[in-house]
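Chemist: output the structure for:
(chains A and B)
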Amino acid sequence: MSANTVKPAKKKSLYRSEMWWGFLFIAPPFIGVLVFLLYPFVNSLYMSFTTFNFGQPADFTGVANYKRALTNDPLVWKTLWNTFYAALGVPVSMIVSLIIALLLDRKLRGRNFFRMMFFLPTICSMVALAMIWQWIFNADFGLLNYYLSELGLNPPAWLVDEKWAMFAIIIQGVWGGMGVSIILYLAALGNVPSSLYEAATVDGAGGWNKFIHITVPGISPVTFFVLITSLIGALQDFPRFQLLTGGGPNYSTTTIVYYLYTIAFEYSEMGYASAIAWFIGIIIMFVILINFLLSKRWVHYN
Amino acid sequence: MKKSSIMMLTLITALTVTACSSNNGGNNGTAGNNAAPGAAESSNTAAANKESEQPPAEKVEISISSWGAPDERKVFEAVLDEFQKANPNIKVKFIHIPNDYTTKMNTMIAGNSAPDVVFTSDGDFPRWVKQGAFLDITQYVEASDKLDLNDMWEGGLNRYRYDGKITGTGSYYALPKDIGPTVMYYNKTIFDKLGVPYPSAETPMNWEQALEMWKKLTVDENGDGKTDIYGAGPIWWEGFVWGNSGAVLSEDRKQFTLNETAAADAMQFIYDLTNTHKVVPDSRALQSMNDGQMFEAGKLATITGGRWMVPTYRKLKFDWDVAPIPSNNGSWTNGWSGSVGLGVNAKSKHPEAAFKLVEFFSGIEGQTKMTELGFQIPNFKSMSDDEVYTQPGQKPEHSEVFIKAGEGQQAGTWTYLPNSKWLDTLNQNLSKFWTGKESAVDFFTKLKPQVEKNLKEGNPELFQ
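Modeler: Purely as a prediction, here's the structure:
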């Protein structure tokens, strides 16, 4: 009897002390998010309505920064367009990754070696890669133009040509971004139940039909995941552009985040930069939202 | 009991961890960069010597930041040592920021953690002075008995002045640590081989003479239709504009004037050098090897470069010398000079000690030490005949060209205004001009409204 009466009390105190331990353990990330994420987040929202530019006092100017960005700064639209153009690399990269993953999924010789090779760019320093690609895209001595002229073509001066610079960077991006997607696709391909393939074979389905009706739906959650993460990455990308072309020629490879960086850290217009940051944030949110809505039609869980 | 003590311990650890990390963020790079350990010792003896003359002042510690390669850093530390010997009551903490200096200093200035003495390139200076990072040191400068302003290069001093709107006039906010004028380096071996007379070291050639010389120096040695040696490297266009009595911006910096006759003629001439006369490699040819590499490989007969190239070129295997950059009106405003300045942090607790250090660097003592290295010309006209600078027996033969250039040349366009978006717009469009088909007048007239819009947006105080 007495044991019964004691027990709940003990449980409660145990629960309580456990609760404090729990709080203690989640405190570091929680404080981290609060200090390093939430505070800057709110602060930048406030700053976007002011003329803050480091040292000087910030005057509250309402939506002036937003108005300037949307109506009076053609570079915002140009760089936004560039960003979406650059994001075309995402679907291309995904298709190429899937094809390579399908090839690597077979039992071929040196499979691990190839897997490693395709993953290698992911762990390399972006600066080193940019140097290599600058050489590959070199107009007269570059590897790419060497082979193209062997084929009898008259290749452009890639990175210094306003029309071709972005295209060149997309090629680099497709190559550099494949590593992670291939790994994810390989894992997904392994998870498609083999019983489905066996059943389809019994019913006389060919390779293409099996791919379209079993593989593609089977890996659709991973496709969706890769799409969303790459899209966010692509819309915020800029170090590659800075290293490969410095945003030129004539701003043809300046992405909007690169432009934002220039405004904030070269022109010190933090208020204006914050406004553009929020503008980009909202656009990205919409893009992702649309994708989530569309995903109901083509992503099959289970 | 036990439990709570463990909990306390964890909490304390957590707190210290966060405290530590924030500390690291603030003082990025300070650790281990203390001035040489010997300094304290020697300053003690110096203090003992001076004790009879001066009442012992309170010892203060100031900090200074800089970037720089290892050999520059060594010289820098030697100057700091000497300063501490001469000023035993001032201890200097040296913060070396080799990479990404501008970004880090931006953060430090915004976070009020910048050092007492701030190293600044002349390009960063306008932005930081507008942010209020630097102390107005006019009074100190005028009272100083170590700085004879009349003996210093005007072009070096003026770029660190600011009147609240534009740089170049107004109060002093920093002093030049150095000034690096630009000249035309030439490969004597190529001149000899092709039988072309050396350019004069006394007077700049005009464009006609220069073009004639460059044409003779441009050769296709093996007859494969590709030029093997070009007469000149890429032209630094600002100097040609000034050397034709043109300007990039109007005097009050409110207008873009590159489309006006004198300036546009200069731009057109440079365009023709590459596209019509083909004596300058185009951007495509430069992609495989940049101009510096081409000069070093003997593929360029002449190249524009600053004083700072001298230590590098002294290692070259061929014979070279320097001559003035061509200028159509014969003036020595034929290019820009680079410079690094030293300012006192507006929030410094020891402005007097900090200024003493700036004065030391900018003054005779610091200049002597740093000139030895060969990167710069001395700040003082009177020092330019000194062997410390001329370094007889070492290249270049005509080192007086640098002195004349230093006297006549101007600060670059990047020092004009706190906000440089107008310049970025111009630069981004320049590549289009160099490779395009439009005439200079048309091109820059079309660009004018865009650049002026940037001028206005970025520097509203200019138009008030």
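
Chemist: which SS state does A:His213 fall under?
Modeler: The local conformation at A:His213, judged by DSSP: H, G, I helix; E, B strand; the rest coil, is helix.

Chemist: distance of it from A:Asp203?
Modeler: A:His213 sits 11 Å away from A:Asp203, taking C-beta to C-beta, to the nearest Å as the criterion. Backbone N, C-alpha and C define where each C-beta goes, glycine included.

Chemist: so between these two, which is more surrounded?
Modeler: The neighbour comparison of A:His213 against A:Asp203 (other C-beta atoms under 10 Å in any protein chain shown) goes to A:His213, with 13 against 8.

Chemist: the more buried one is in contact with A:Ala205, isn't it?
Modeler: Yes. With contact taken as C-beta atoms under 8 Å, A:His213 and A:Ala205 are classed as touching, separated by 7.4 Å.

Chemist: which residues touch B:Lys446?
Modeler: The contact partners of B:Lys446, by C-beta atoms under 8 Å, 6 or more residues apart in numbering or on different chains, come to B:Glu438.

Chemist: buried stuff in the regular element (helix or strand) spanning it?
Modeler: Using DSSP states H and E, the secondary-structure element containing B:Lys446 is helix B:440-458. Going by neighbour count (16 or more other C-beta atoms under 10 Å in any protein chain shown), the buried part of helix B:440-458 is B:440-441, B:443-445, B:447-448, B:450-451, B:453-455, B:457-458.

Chemist: contact partners for whatever residue of the stretch 151-300 of chain A ends up closest to chain B?
Modeler: Scanning the stretch 151-300 of chain A for proximity to chain B using C-beta to the nearest C-beta identifies A:Pro249 as nearest, at 4.3 Å. Residues in contact with A:Pro249 (C-beta under 8 Å, 6+ apart) are A:160-162, A:165, B:428, B:431-432.

Chemist: try 6 Å
Modeler: When contacts are counted by C-beta atoms under 6 Å, 6 or more residues apart in numbering or on different chains, A:Pro249 touches A:162, B:431.

Chemist: quick check: it is in a strand.
Modeler: No. The assignment for A:Pro249 (three-state DSSP) gives coil, which keeps it out of a strand.

Chemist: from A:Leu80, how far out is it?
Modeler: Going from A:Pro249 to A:Leu80 by C-beta to C-beta gives 19 Å.

Chemist: so where's the chain shaky on pLDDT?
Modeler: Unless you meant another one, I'm taking chain A. Within chain A, the stretches with pLDDT under 70 are A:1-11, A:55-56, A:302.

Chemist: I was after chain B.
Modeler: Counting by pLDDT under 70, the ranges of chain B that qualify are B:1-57, B:374.

Chemist: please report phi then psi for the closest residue to chain A within the stretch 351-464 of chain B.
Modeler: Using C-beta to the nearest C-beta, the point where the stretch 351-464 of chain B gets nearest to chain A is B:Ser431, with a distance of 4.3 Å. The phi/psi pair for B:Ser431 (degrees, to the nearest 10) reads phi -60, psi -30.

Chemist: quick one: contacts for it?
Modeler: A:Pro249.

Chemist: 10 Å instead?
Modeler: For B:Ser431, the contact set (C-beta atoms under 10 Å, 6 or more residues apart in numbering or on different chains) comprises A:160-162, A:248-250, A:252, B:283.

Chemist: over to B:Ser65?
Modeler: The contact partners of B:Ser65, taken as C-beta under 10 Å, 6+ apart, are B:29-30, B:33, B:93-97, B:101, B:104-105, B:108, B:114-120, B:342, B:345.

Chemist: and it, that's in a strand?
Modeler: Yes. B:Ser65 forms part of a strand when assessed by three-state DSSP.

Chemist: interface residues of the stretch 151-300 of chain B facing chain A?
Modeler: Where the stretch 151-300 of chain B comes near chain A, counting by C-beta under 10 Å from any C-beta of the partner chain, the residues are B:226, B:282-289.

Chemist: buried subset of those residues?
Modeler: Burial of those was assessed by neighbour count (16+ other C-beta under 10 Å); the buried members are B:282-283, B:285-287, B:289.

Chemist: how about those in JSON lines, adding secondary structure and distance to A:Leu24?
Modeler: Conversion of these to JSON lines gives the following (DSSP: H, G, I helix; E, B strand; the rest coil; distance: C-beta to C-beta, whole Å):
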{"residue": "B:Asp282", "secondary structure": "coil", "distance to A:Leu24": "66"}
{"residue": "B:Ser283", "secondary structure": "helix", "distance to A:Leu24": "61"}
{"residue": "B:Ala285", "secondary structure": "helix", "distance to A:Leu24": "65"}
{"residue": "B:Leu286", "secondary structure": "helix", "distance to A:Leu24": "61"}
{"residue": "B:Gln287", "secondary structure": "helix", "distance to A:Leu24": "58"}
{"residue": "B:Met289", "secondary structure": "coil", "distance to A:Leu24": "61"}
